[in-house]
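Participant: With the input below, show me the fold.
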Amino acid sequence: MAGNTFKTLDDIGDITGKVGLVRVDLNVPMSDGKVTDDTRLQSVIPTVTELADRGARILLLAHFGRPEGKADMKYSLEPVVAPLAAVLDRKVGFMQIPDADAIDALPNGSIVVVENSRFAPGEVTNDPAMAKAIAAYGDFYVNDAFSAAHRAHVTTAGLAEHLPAFAGRAMERELSALDKALGNPEHPVAAVVGGAKVSSKLDVLRQMVEKVDHLIIGGGMANTFLAARGVDVGKSLCEHDLTDTANEILEAADKADCTVHLPYDVVVAKEFAPNPPTRTVNVHEVTADEMILDIGPAAVEALSDVLKTCKTLVWNGPLGAFETPPFDRATVALAQTAAALTKEGSLLSVAGGGDTVAALNHAGVADDFSFVSTAGGAFLEWMEGKELPGVAALR
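Facilitator: Model prediction:
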């Protein structure tokens, strides 16, 4: 995924009067017709304003929800137009379907949102006929939606087969950050992989042991690895049927010279609720009626020392049940260490995935990491080492 294998807006040439089909992510959370988090709208600003200032006429292509290939107005993109115009501080139009006459009449620098691409049944099947028909409206194609890059759809991949294709600024920034983190990272590299279940991150764990020097396992999945090592985890969340798989991953790590870090002290409680009575114990002291809900302070201190020896960090998933106090302490403490090391310039830190972004925001350090990806599925598939169709289409 080296940075120079795809074209960017720097390679586009003179686009005055040209029509750009620009894939963006407008799939924002809404409540009562209002956008509740405009992070994704903010991320389109650099690409859209640059193309408009260079005199292109821009058709923004995006999806919203899962309308199953038919026009279902509760998934219309129209309510997003006004909030997008406010964020861009420009006039933004709306088009139900691309219309050649209407597009011809647009003045240079226009920005128009086209209705939800998933209203067309051919979008999610990457129908070649639909790709060809839509491509006919444009002169060039820009993909600025990394979060949808793991889907092989018409607007994420198909259009690139018919038009000169470029990565937008947000996509370029994302790919360059990911390349620095795992493509060509500076070693030693640490990865924090947390979350409830090993089963959902098996491919990530297998990839990571081959690529990183330190693998820090947290969340419920750490219990499965502890159980695989013969620790009695009481009534903790644990996939006992996956202990053989956990042992295979540990063996693969040994072969690859990757050190796997599991907690040796943990925070336990008898019930999973906010602020219950807790104990901090050695992992071998968990009783049958207790559950492990966070990593203990001694383990966090040891992990902080590990990060101090590293040059690169990739983070996906919390260390404990961070939404429920006090089981957010380990995640917050280690995130603050990573942020401090990043600020002083000794660590490149890249994080991604929904829970992870929420945890870093909760810790107040999301802005201090080198790069935080809001892409969920695409970030995970990238960590799994998969080729993303939306990225492959830009090569």
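Participant: May I see the buried residues of the helix or strand bottoming out on mean pLDDT in the chain?
Facilitator: None of the helices or strands of the chain scores lower by mean pLDDT, DSSP states H and E than helix 377-383, at a mean of 85. For helix 377-383, a neighbour-count test (16 or more other Cβ atoms under 10 Å) marks 378-383 as buried. No exception for glycine: its C-beta is placed from N, CA and C like everyone else's.
Participant: I would like the residues contacting that helix, please.
Facilitator: Residues external to helix 377-383 that are found in contact with it (Cβ atoms under 8 Å, 6 or more residues apart in numbering): 146-150, 178, 182, 201, 204, 207-208, 314, 316, 352-353, 373, 388, 390.
Participant: circling back: from the buried residues of helix 377-383, which two are the most distant?
Facilitator: The distance between the two most remote of the buried residues of helix 377-383 (Cβ to Cβ) is 9.8 Å, for Ala378 and Met383.
Participant: Could you list the buried residues of the very next helix or strand once past the least confident helix or strand of the chain?
Facilitator: Sequence order places helix 389-392 as the next helix or strand after helix 377-383, per DSSP states H and E. By 16+ other Cβ under 10 Å, the buried positions in helix 389-392 come out as 389-391.
Participant: This protein: helices as residue ranges?
Facilitator: 39-43, 45-53, 78-88, 100-104, 128-135, 169-178, 202-211, 220-228, 243-255, 297-308, 329-343, 354-363, 377-383, 389-392 (DSSP state H).
Participant: can you list those in TSV and add distance to Leu21?
Facilitator: Converted to TSV, the helices of the chain look like this (distance: least, Cβ to Cβ, whole Å):
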stretch	distance to Leu21
helix 39-43	18
helix 45-53	11
helix 78-88	17
helix 100-104	10
helix 128-135	7
helix 169-178	14
helix 202-211	32
helix 220-228	41
helix 243-255	43
helix 297-308	42
helix 329-343	36
helix 354-363	28
helix 377-383	20
helix 389-392	14
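Participant: between these, which one is nearest to Asp10?
Facilitator: Nearest of the helices of the chain (Cβ to Cβ): helix 169-178, 9.0 Å.
Participant: Which single one of the buried residues of helix 389-392 is nearest to Tyr264?
Facilitator: Val391 (39.3 Å).
Participant: Phe6 is in contact with the closest one, correct?
Facilitator: Yes. With contact defined as Cβ atoms under 8 Å, Val391 reaches Phe6; the gap is 7.3 Å.
Participant: what touches both of these two?
Facilitator: Leu175.
Participant: Run through the strands of the stretch 1-150 of the chain in chain order.
Facilitator: Ranges of strands in the stretch 1-150 of the chain, per DSSP state E, counting those that start in this stretch, are 19-23, 30-31, 34-35, 57-61, 93-95, 111-114, 140-143.
Participant: what about Ala359, distance to Met95?
Facilitator: 39 Å (Cβ to Cβ, to the nearest Å).
Participant: higher neighbour count, those two?
Facilitator: Between Ala359 and Met95, Ala359 has the larger neighbour count (other Cβ atoms under 10 Å), namely 25 against 15.
Participant: What does the pLDDT read for the more buried one?
Facilitator: Note on Ala359: pLDDT of 90.
Participant: measure it to Ser147 for me?
Facilitator: For Ala359, the distance to Ser147 - Cβ to Cβ - is 18 Å.
Participant: Rounded mean pLDDT for stretch 286-297, please.
Facilitator: pLDDT averaged over stretch 286-297 gives 97.
Participant: Return the alpha-carbon coordinates of it using CSV.
Facilitator: The C-alpha trace of stretch 286-297 is given here as CSV (Å, rounded to 0.1, in the frame of the first residue of the first chain):
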residue,chain,number,x,y,z
VAL,A,286,-10.1,-14.9,40.2
THR,A,287,-12.8,-16.8,42.1
ALA,A,288,-15.5,-18.9,40.4
ASP,A,289,-18.2,-16.2,41.0
GLU,A,290,-16.1,-13.3,39.7
MET,A,291,-15.7,-11.8,36.2
ILE,A,292,-12.7,-10.0,34.8
LEU,A,293,-13.8,-6.6,33.5
ASP,A,294,-10.6,-4.6,33.1
ILE,A,295,-6.8,-4.9,33.1
GLY,A,296,-5.1,-4.0,36.4
PRO,A,297,-2.8,-1.0,37.1
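Participant: which stretches of the stretch 101-250 of the chain have low pLDDT?
Facilitator: Across the stretch 101-250 of the chain, nothing is flagged by pLDDT under 70.
Participant: out of the strands of the stretch 1-150 of the chain, nearest to Ala330?
Facilitator: strand 30-31 (31.7 Å).
Participant: what's in contact with that closest one?
Facilitator: So strand 30-31 is in contact with 36, 79-80, going by Cβ under 8 Å, 6+ apart.
Participant: Out of the residues you listed, which comes closest to His214?
Facilitator: Using Cβ to Cβ, the contacts of strand 30-31 come closest to His214 at Thr36, 36.8 Å.
Participant: so what's the closest one up against?
Facilitator: Counted by Cβ under 8 Å, 6+ apart, Thr36 has contacts 28-30.
Participant: okay, who's weakest in the contacts of strand 30-31 by pLDDT?
Facilitator: Thr36 (86).
Participant: From Lys311, how far off is it?
Facilitator: From Thr36 to Lys311 the distance is 37 Å (Cβ to Cβ).
Participant: again, but for Met95
Facilitator: 48 Å.
Participant: Also Asp355?
Facilitator: In terms of Cβ to Cβ, Asp355 sits 25 Å off from Lys311.
Participant: okay, those two: which has more neighbours?
Facilitator: Taking neighbours as other Cβ under 10 Å, Asp355 and Lys311 compare with Asp355 leading, 18 against 15.
Participant: got a pLDDT number for that one?
Facilitator: 83.
Participant: quick one, what contacts it?
Facilitator: Going by Cβ under 8 Å, 6+ apart, Asp355 touches 194-195, 317-318, 322.
Participant: Which of those residues sits closest to Gly219?
Facilitator: Out of these, the member with the shortest distance to Gly219 (by Cβ to Cβ) is Gly194, at 3.6 Å.
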